[in-house]
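Asker: Take this sequence and fold it.
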Amino acid sequence: MEVHQHFGDPSLVITYRHLLSHNLGVRDPLRIVALCDSDAFYAACEMVRLGTAEDTPLVVLQWDSIIAVNYPARKYGISRMSKVKDALQKCPHLQVVHVATYKEGAKEPGYWDDVDTKTHKVSLDYYRRESLKVAAKFKDLLPGCEIEKASIDEAFIDFTKRAKELILERHPYLANPPPEGLDSPLPPPPSISWDGIGHLIPSIDEGQLFEEGKPVEEMSVSWHDVALSISAELMQTARQEVLKTLGYSTSAGIARNKFLAKLSASDKKPNNQSILRNSVIPYYLKPLPFQKIRYLGGKLGMAIAKEYEASTDMQKSFGEQAIWVWEVLRGIDRSEVKEKTSQNKSMMASKNLPKPIVDAKDGYHWIRVLAAELALRLNDARKQDPRIWPKAIVLHARKGYEAARSKQAPFPFVRDLTVDIIANHGDRLWRELVGNAQSVHVSAVQLSFSGIEASEAGQRQIEDFLQGAKRTRVEDEASEGLSFTCSRCGKVIRQTDSIRSGEGSEADPLVKLRMEHDDFHYAQDLAKADNRMVLTPDSAGERPRPAKKKKENAERQGIERFFGRKASD
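Answerer: Numbering: from 1, shown residues only. Model prediction:
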């Protein structure tokens, strides 16, 4: 058919070379990709946590906004745009769950009755953990498939390699090419039963079946359809197992590339999967509004919708994007499915403050809240890979829409990472950041780890190294105690008995000793700054005031100057 010539030639003849090759990549005519999407994931996570019945209407709240609505609640006309008050009027028995939050003093996020954006910080850690469980389960259930996590509730799965293997297992005669060679076409494929493996998107053009008068079972079949049906079987089995073991229902779209898989995944939600055959692609895409296509929901999509019906040269109208637009409108997508590393190079906890910090000492409250999130996330990551550790801890603070200012410092290794340890480092960075300013104006604060890396293969794990170092130190403690040489004063600082026997010390003793000595120098610096204040009579001769300093010393320097300005500056 003429229409096929404009849709990436989905009817390409498949040869023995195509079937037996393993390195054809995105141009493989037997390529199969699925997009698996967890249904109303945040709401589903809360239902699993609470043991809620599957037919219970439930929404997830973040402050005053609904961020997730399960499918039973959607039947009452409730959406993420709804107000909680309106939602409860539509469904009086609606279950409303606020996301977990961090608050000062709590080591982990919790579900509190008194959540307040002025004192609490939202936590999505529970959803991240459950998402990792789902991804790990699919990886175990689908060996030989490449899985790319696209978001917290979505993943692309490339079935191409596994589908080819199963085609050869079920049809072993295909492993032996004819005398004509590898470029010979494969023999006609067997008939396919699509029953029980998902929703087969029909080939409909203006209400007419693509192959009129023929039931689905009698339609022409290609070897790509065989690979598609095998992949659908694997996807269906995996989805059912995830629902059975973890309690999460998923929906999927299965097609020849990522774009079409994503598009078809929403066809039959929830808890279903849709299969898009190559022969159906032109008729599936033809009536589709531009704005429903990924990346075409904005101005570009509107421009195409306005101009496409006219006889206008697309490249002249849309420039370099014309080729991509031309291809995507024909269902062509050459992006790969690549498994992403689970190790992030950084971790960040941030808070946009509804009420800015104006008193410098109030910053310590948010440092501790952010430290709790970082402690949880790094400890979770180290359960997966104990070798990882950040090189530095970084504190960012922002005033309004101005560029953020930051301070960072090395983050030494400790065996047992706690909120207190991170908060102590964060507090020191905060003191350095605000300097002597008593009044600040901070509207956003962020604490993060950077340079997260794992020790190289073959190296002794850092825990073992430090444990060995500790054993050496313990042997010397009786005579000398722990010690280090201070780079500022040049003195050898030794650990006293009072420090060594102190209760509640969770950090490495040497790290704690360094931190306490740094605090001593910081206190000395503040005292020197106070001593430079010379008192002189004021113009009335009644009370003393600070003498004016020379111009080069009068202005605050660096970050202190930045945060010391009034909000109206």
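
Asker: what about this protein, any weak spots by pLDDT?
Answerer: 1-11, 203-219, 289-326, 328-329, 341-343, 456-488, 490, 492, 494-516, 518-569 (pLDDT under 70).

Asker: so what are the domain limits for it?
Answerer: Per automatic domain parsing, the structural domains of the chain span 2-39+129-328, 41-124, 341-459+558-569.

Asker: To Arg334, which of the ones you listed lies closest?
Answerer: Taking Cβ to Cβ as the criterion, Arg334 comes closest to domain 2-39+129-328 out of the domains of the chain, the separation being 4.4 Å. In short, each C-beta sits where N, CA and C put it, glycine included.

Asker: Surely Leu124 is in contact with Thr101?
Answerer: No. Under the contact definition of Cβ atoms under 8 Å, Leu124 does not touch Thr101, with a separation of 10.4 Å.

Asker: what about the two, which has more around it?
Answerer: The residue with more neighbours, out of Leu124 and Thr101 and counting by other Cβ atoms under 10 Å, is Thr101; that gives 22 against 17.

Asker: Chain neighbours aside, what residue packs nearest to that one?
Answerer: Sequence neighbours aside, His120 is the residue nearest to Thr101 in space, at 3.9 Å (criterion: Cβ to Cβ, 6 or more residues apart in numbering).

Asker: So what does the one you found look like in phi/psi?
Answerer: phi -110, psi 160 (degrees, to the nearest 10).

Asker: who are the neighbours in contact with it?
Answerer: His120 makes contact with 101-103, 112, 369, according to Cβ atoms under 8 Å, 6 or more residues apart in numbering.

Asker: Then Arg334?
Answerer: Remark: with contacts taken as Cβ under 8 Å, 6+ apart, Arg334 is in contact with 26-27, 257.

Asker: on that earlier part again, distance of the residue nearest to Thr101 relative to Pro356?
Answerer: Separation of His120 from Pro356 (Cβ to Cβ, to the nearest Å): 17 Å.

Asker: Just among the contacts of His120, which is most surrounded?
Answerer: Tyr102 (28 neighbours).

Asker: so that one touches Leu124, yeah?
Answerer: No. The pair formed by Tyr102 and Leu124 falls short of the contact definition of Cβ under 8 Å, at 11.0 Å.

Asker: So which residues of the stretch 1-150 of the chain form helices?
Answerer: 16-20, 41-50, 71-74, 84-90, 125-141 (DSSP state H, counting those that start in this stretch).

Asker: These: which one's closest to Ser335?
Answerer: Taking Cβ to Cβ as the criterion, helix 125-141 is the member of these that comes nearest to Ser335, at 19.4 Å.

Asker: Packing partners of the closest one?
Answerer: With contacts defined as 3 or more Cβ pairs under 8 Å, 6 or more residues apart in numbering; DSSP states H and E, the secondary structure elements packing on helix 125-141 are strand 33-38, helix 41-50, strand 146-151, strand 154-158, helix 223-246, helix 363-384.

Asker: Show me what the shortest one is packed up against.
Answerer: Here strand 154-158 touches strand 33-38, helix 125-141, strand 146-151, going by 3+ Cβ pairs under 8 Å, 6+ apart.

Asker: what about Gly426, distance to Ala87?
Answerer: Spatial separation of Gly426 from Ala87 under the definition Cβ to Cβ is 38 Å.

Asker: cool, Ser346 as well?
Answerer: Counting by Cβ to Cβ, the gap from Ser346 to Ala87 is 37 Å.

Asker: With neighbour numbers in mind, choose between the two.
Answerer: The residue with more neighbours, out of Ser346 and Ala87, is Ala87; 22 against 12, by other Cβ under 10 Å.

Asker: Let me see the contact set for that one.
Answerer: The contact partners of Ala87, taken as Cβ under 8 Å, 6+ apart, are 59, 66, 73, 76, 78, 94, 96.

Asker: With Lys268 instead?
Answerer: Residues touching Lys268, when contacts are defined by Cβ under 8 Å, 6+ apart, comprise 198-199, 251, 274.

Asker: hmm, which of these are the buried ones?
Answerer: Buried by 16 or more other Cβ atoms under 10 Å: 198-199, 251, 274, out of the contacts of Lys268.

Asker: mind listing which of those residues are in strands?
Answerer: Secondary-structure check on these using DSSP state E: residues within strands are 199, 251, 274.

Asker: Find the nearest non-adjacent residue to the second one, please.
Answerer: If you skip the residues right next to it in sequence, Ser251 has Lys269 as its closest partner in space, 4.4 Å away by Cβ to Cβ, 6+ apart.

Asker: For that neighbour, which residues are in contact?
Answerer: Neighbouring residues of Lys269 by Cβ under 8 Å, 6+ apart: 37, 39, 251.

Asker: Please apply the same query to Val96.
Answerer: 58-59, 61, 84, 87-88.

Asker: What residues of stretch 249-260 count as buried?
Answerer: 249-260.

Asker: Quick one: these as a markdown table, columns for distance to Ile452 and secondary structure too.
Answerer: As requested, these are exported to a markdown table (distance: Cβ to Cβ, whole Å; DSSP: H, G, I helix; E, B strand; the rest coil):
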| residue | distance to Ile452 | secondary structure |
| --- | --- | --- |
| Ser249 | 34 | coil |
| Thr250 | 30 | strand |
| Ser251 | 34 | strand |
| Ala252 | 33 | strand |
| Gly253 | 34 | strand |
| Ile254 | 35 | strand |
| Ala255 | 36 | strand |
| Arg256 | 37 | coil |
| Asn257 | 33 | coil |
| Lys258 | 28 | helix |
| Phe259 | 33 | helix |
| Leu260 | 36 | helix |
